Structure formats: structure tokens, C-alpha cells
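Participant: Generate a structure from the sequence data that follows.
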Amino acid sequence: MNRDPSEIMKEIVNRLKNLSVKELLSYAIFSERDEAKYYAELAEKAKRKSVKVLFRKMSEESKNHEKILMELFERLFPGEEPVEVDAPPVEVYPFYPNFDDAGDYTSALKYCMESELFAKQTYELLASVTRDDEVRKLALDLAAMEQGHYEEIKRVYDLMKALERRHASPWELDSGAYLLTDDVKARYFLLDFLDEPKTLLALVRENPRKFSEFIEGHGKVIWVTKTDVEGAIPPELLPDMRNELSRFFRDSTAKGQRGAVFLQNLSYLVSQLGFRETLDFVLYLKDLAIVNDGYLIVTAVPEAFEKKEWAILTSELELIS
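Facilitator: Below is the predicted model:
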């Protein structure tokens, strides 16, 4: 019978407690190297765009961690090589020959979350035993990075589970208006959502270049900002885009595609326009999407709204996750 991965991780943590700084640092280097390899293999096997991109990102960041750790090792132990440690590496690879269904993806993501928490524990152990302040700081920084990995993977995992409960995939959703409560989830959602032919117009608060790169250049991205830069629009002028947005949906339909407007961080618009005017704009977009067999995708954080306001939003927009 296969052992529970979490039990294996507990056993390894116990083995690491009595290692020297050189041994722990060596173990961390080899672990990051293995992690980069396994995430790259998982990315190759994954057919789902969001998961493929997530695993590629994790692989690249693990390679960067290995580089940082190796530079530190060479400074502390010049002319030496990392030593083998009598503790098995934790492999994030969950031994699936293929990803065939949603259950495979959620199981793999859950395993990877546990692996990232283990990596965090490893760096925290390193920080607790070293007498070198620089090593301690680096180890705690790396522990925080691994926590960040865990949280990002968990967001994708939670999104997958939410869609699984709906018995739906992003590319299978009916036309209409949808709500996500997290921008990271929304970006991964869009990767899958746009895997079927759709035309996107994104109104974003984050760096528009980075957002466009993440979604692999799909559609048009407009930065909503008060900064006077080319291609941007100040929030107070968004309601004046009604005609342009209506034309966007009509043109998409004429091209045989389904138009999708992505509206990021609704709470920012409320802070600039007030709830009533923002709601009017959102409902206008929702109705445009319905009439044109298209989509409106919105992100909003519940804590930024009054209870009654959030109730109105969730009655008009279908909450995904």
C-alpha cells in the first residue's frame, strides 16, 4: 500500500533536525533541483492550460531558489560541493502517467501543496540551527517564498474544486456574468476560459504588460488608472465606454466569436465612482453580455463591500470561487 505523502514528509523533517548547516543547505539545493525537474515534467504532462502554466512557473522559481542556495553554499564552503544527505527527497511528482480528468489535477495540486509546506519547514529548520545571520535571513526568505508557492497552488486547487462541484469547466460556461473573489484565481481561470475561441477585452488594475504576458497575449488589455499614460483610462471615464463596449460585443458576434469583458478589482471602481454608479455600469455590461451571447468576468473582494452591497452583487453575478 502506498504511504501517505504527509507521513513521509513528517519522517524526513525528523531526520533533518540534527543535520549541520552544510548538510541542510546541501539537502535544500538537491530538493530545489529535484522540485524544478518534477514540476517541469508535470507541466509537460498537463493538458489543462492553467495547470501547465502554474507548474512551469513553479519549475522556474525552483531553479532560481537552487541558484540562490548554491551561491550561498559556495560562499560558506569555498571549493566544496554539496554533500549527499541520508534523507530521501520529497518528490512533487505524483506518479500519474497522464492527466485524464479533473480528479487527477486536484490530487496532483493537493500533493504539491503538501510538498511546498514541507519545503517551508526545511528552510525554517535551517534558520533555527544556523549561527550565520545571513544564512538565517536567506532561509527565512526562502521559507516565505515556499509559503507563497503553497498559497498560489492552493488558489488554483480551490478554483478547480469549485468548478468540479459545479460539474463545469471554464470553457463550458454558459454566457452571462460571473464573479471571482481573487485576482490570482481569475488569471488562471482566464487561461482555461480563453482556451476556446473567445475575444477578450480586459480592464485591469495591475500592470497591464504583466497581465497580458500571463494570459499569453489574448485580447486587448486596458489599464484603469489615474496615471496619464498612453492606452490607459481613468476610472471616472469607464462609464463613458458604454458605446465602445457595446460595439466590442457586436463585433465579436459578427466575427463568429463570443466576446468577454474582464473587469478587475471592482472595489477600486466603487472607491472612485461610488457603489450605485459602479453597479449601474456592471449591470449594463452584464446585459450586453447576455444579449450578445458573451461574458462578463468580474473580480471583487467581499471584505471591501457592505453586507447589503455584496448581497446585491452576488445576486446579479454568479459566484464561481
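Participant: Spatially, what comes nearest to residue 269 if we skip its sequence neighbours?
Facilitator: Sequence neighbours aside, residue 278 is the residue nearest to residue 269 in space, at 4.7 Å (criterion: C-beta to C-beta, 6 or more residues apart in numbering). Just so you know, the C-beta spots here come from the backbone N, C-alpha and C atoms, and that holds for glycine as well.
Participant: For the nearest residue to residue 46 once chain neighbours are set aside, give me the pLDDT.
Facilitator: Closest residue in space to residue 46, ignoring its immediate chain neighbours: residue 52 at 4.3 Å, by C-beta to C-beta, 6+ apart. Note on residue 52: pLDDT of 92.
Participant: okay, now residue 52: neighbour count?
Facilitator: 17 (other C-beta atoms under 10 Å).
Participant: and the helix or strand hosting it, how far out from the chain's middle?
Facilitator: According to DSSP states H and E, residue 52 maps onto helix 49-76. Using C-alpha atoms, centre = their mean, to the nearest Å, the mean C-alpha position of helix 49-76 is found 16 Å from that of the whole chain.
Participant: Would you mind listing the buried residues in that helix?
Facilitator: Within helix 49-76, the residues scored as buried using 16 or more other C-beta atoms under 10 Å are 49-59, 61-63, 65-66, 68-70, 72-73.
Participant: Off-centre distance for the helix or strand just after that helix?
Facilitator: Using DSSP H and E, the helix or strand that follows helix 49-76 in sequence is helix 102-129. In terms of C-alpha atoms, centre = their mean, the centre of helix 102-129 is found 16 Å from the chain centre.
Participant: now for the helix or strand following helix 102-129, which elements pack on it?
Facilitator: Next along the chain after helix 102-129, taking DSSP H and E as the criterion, comes helix 133-166. Applying 3 or more C-beta pairs under 8 Å, 6 or more residues apart in numbering; DSSP states H and E, we find helix 133-166 packed against helix 21-45, helix 49-76, helix 102-129, helix 183-193.
Participant: export the ones you listed to JSON lines and tack on distance to residue 141?
Facilitator: As requested, these are arranged in JSON lines below (distance: least, C-beta to C-beta, whole Å):
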{"stretch": "helix 21-45", "distance to residue 141": "12"}
{"stretch": "helix 49-76", "distance to residue 141": "9"}
{"stretch": "helix 102-129", "distance to residue 141": "8"}
{"stretch": "helix 183-193", "distance to residue 141": "21"}
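Participant: Return the member of those having the minimum mean pLDDT.
Facilitator: Comparing mean pLDDT over the helices and strands packed on helix 133-166, the weakest stretch is helix 102-129, at a mean of 82.
Participant: if we can go back for a sec, and of the helices and strands packed on helix 133-166, who's closest to residue 306?
Facilitator: In terms of C-beta to C-beta, the element of the helices and strands packed on helix 133-166 nearest to residue 306 is helix 183-193, at 21.1 Å.
Participant: could I get that closest one in CSV with only the CA atoms?
Facilitator: Output in CSV follows, covering the C-alpha atoms of helix 183-193 (Å, rounded to 0.1, in the frame of the first residue of the first chain):
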residue,chain,number,x,y,z
ASP,A,183,-7.3,38.1,-8.8
VAL,A,184,-4.8,35.2,-8.9
LYS,A,185,-7.7,32.7,-9.3
ALA,A,186,-9.1,34.9,-12.0
ARG,A,187,-5.9,34.9,-14.1
TYR,A,188,-5.7,31.1,-14.0
PHE,A,189,-9.4,30.9,-14.7
LEU,A,190,-8.9,33.1,-17.8
LEU,A,191,-6.2,30.8,-19.2
ASP,A,192,-8.6,27.9,-19.4
PHE,A,193,-11.6,30.1,-20.3
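Participant: Would you mark the buried spots in it?
Facilitator: Buried residues in helix 183-193 (16+ other C-beta under 10 Å): 183, 185, 186, 187, 188, 189, 190, 191, 192, 193.
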